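K.L.:
for reference, the sequence and a predicted model appear below.
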Amino acid sequence: MSYLIMLINMLSVKIAICALFIVVAKFVTKRVGIKSVDRWLMNIHKPAGCVLFVAGLIHMVFSFHVVSTTPIIGYVLGFISMFAIIALIATCLLRRKLGKHWLVWHRIMTAIAISTVILHTQIVEPVSESHYSVDYFESLRLPENDRNLIVNLGPLLNK
């Protein structure tokens, strides 16, 4: 595992979480009645959903290197989350075919996606921190210049 893989994985997680908050904020602002913010969020709701999907997919691909040391339920929940996000995108694309019930399906998939993302992060987060520690990289016996780079960047990654 290289520093670049770790950096891409961690960055994709942060981007996915930000996109998830933006997507969920649309639901909240509509209920609270903040019309100007709700209209603005509606304009970025779909692009944020696409960013969420792409960042989640990148995270999924770059997380396979720790599959043997992460609880399998974390991966199952991650796959369910991605399936729900794909289903969310499908409900938007098939809105006309689904008719008046498309929003019900969209909200059901949203609830599944949010709940599985929360559970996924609660299970995987404590484990992943140990994978990205300097000691973990030292144990991999990386080439000397990679180890020096990781040791020098260690304090930045632990913030």
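P.N.:
Done, it's in.
K.L.:
buried residues of whatever helix or strand Phe79 lives in, list them for me.
P.N.:
Assigned by DSSP states H and E, Phe79 belongs to helix 72-93. Counting neighbours by 16 or more other Cβ atoms under 10 Å, one finds that the buried residues in helix 72-93 are 74-75, 77-78, 80-82, 84-85, 87-89, 91. Any C-beta I mention is one placed from the backbone N, CA and C, and that applies to glycine too.
K.L.:
so can I have JSON lines of the residues you listed showing pLDDT and distance to His59?
P.N.:
JSON lines is the format used below for those (pLDDT from 0 to 100; distance: Cβ to Cβ, whole Å):
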{"residue": "Gly74", "pLDDT": "88", "distance to His59": "12"}
{"residue": "Tyr75", "pLDDT": "89", "distance to His59": "12"}
{"residue": "Leu77", "pLDDT": "93", "distance to His59": "13"}
{"residue": "Gly78", "pLDDT": "92", "distance to His59": "8"}
{"residue": "Ile80", "pLDDT": "96", "distance to His59": "14"}
{"residue": "Ser81", "pLDDT": "95", "distance to His59": "10"}
{"residue": "Met82", "pLDDT": "95", "distance to His59": "9"}
{"residue": "Ala84", "pLDDT": "96", "distance to His59": "15"}
{"residue": "Ile85", "pLDDT": "95", "distance to His59": "12"}
{"residue": "Ala87", "pLDDT": "94", "distance to His59": "18"}
{"residue": "Leu88", "pLDDT": "93", "distance to His59": "17"}
{"residue": "Ile89", "pLDDT": "92", "distance to His59": "17"}
{"residue": "Thr91", "pLDDT": "92", "distance to His59": "22"}
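K.L.:
out of those residues, which one sits closest to Leu11?
P.N.:
The closest of these to Leu11 turns out to be Gly78 (Cβ to Cβ; 16.8 Å).
K.L.:
distance check, the closest one against Thr116.
P.N.:
Applying Cβ to Cβ, to the nearest Å, the value for Gly78 to Thr116 is 8 Å.
K.L.:
also Thr70?
P.N.:
As judged by Cβ to Cβ, Thr70 and Thr116 stand 16 Å apart.
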